[in-house]
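Enquirer: All I have is the shape, not the residue letters:
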């Protein structure tokens, strides 16, 4: 079987078209292309400016793709937030903890009492962080100022 394929390929490589044969094939191809109407998609009919070549173009995708993207974004954000909860000053996720996660929790306070309770908890967190850094021998002037 392999030998038959090899012989076929070898004999096919020996076939050469004459110049007039190539020209005839090219002319027939061009004639066929000119006679056959081009299929246009909706995007091909519009100019790029009217298509909105921006981030909003993503919203033309199928809803399942958008929901998958949002689910991935939610999972990533949740994972980063959870990881930031145990971060200490000097850790990579500590700014996320103090600037994002804790501010979101402040915004979630329903009334003055719950907001005051959250501020007390926030102070307790800073004290616990200071204790952990002291135990590890990592509490210096810079981290103390950050706390």
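Expert: On my side now, so go ahead. Bear in mind the structure is a predicted one, so any value in this text is a computation, not a measurement.
Enquirer: Packing partners of the helix or strand where residue 70 lies?
Expert: Residue 70 belongs to helix 63-84 when elements are defined using DSSP states H and E. When contacts are defined as 3 or more Cβ pairs under 8 Å, 6 or more residues apart in numbering; DSSP states H and E, helix 63-84 sits against helix 94-96. C-betas here are computed from N, CA, C, even on glycine.
Enquirer: The same query, at a cut-off of 7 Å, please.
Expert: Applying 3 or more Cβ pairs under 7 Å, 6 or more residues apart in numbering; DSSP states H and E, one finds that helix 63-84 makes contact with no other helix or strand.
Enquirer: Same question for it: list its buried residues.
Expert: residue 84 (16 or more other Cβ atoms under 10 Å).
Enquirer: For that helix, which outside residues touch it?
Expert: Identification of contacts with helix 63-84 by Cβ atoms under 7 Å, 6 or more residues apart in numbering yields 59, 93, 96-97, 101.
Enquirer: any idea how far residue 140 is from the nearest residue to residue 96 once chain neighbours are set aside?
Expert: Nearest-residue entry for residue 96: residue 84, 4.1 Å, with adjacent residues in sequence omitted and distances by Cβ to Cβ, 6 or more residues apart in numbering. Counting by Cβ to Cβ, to the nearest Å, the gap from residue 84 to residue 140 is 22 Å.
Enquirer: can you check residue 32 too?
Expert: For residue 32, the distance to residue 140 equals 79 Å [Cβ to Cβ].
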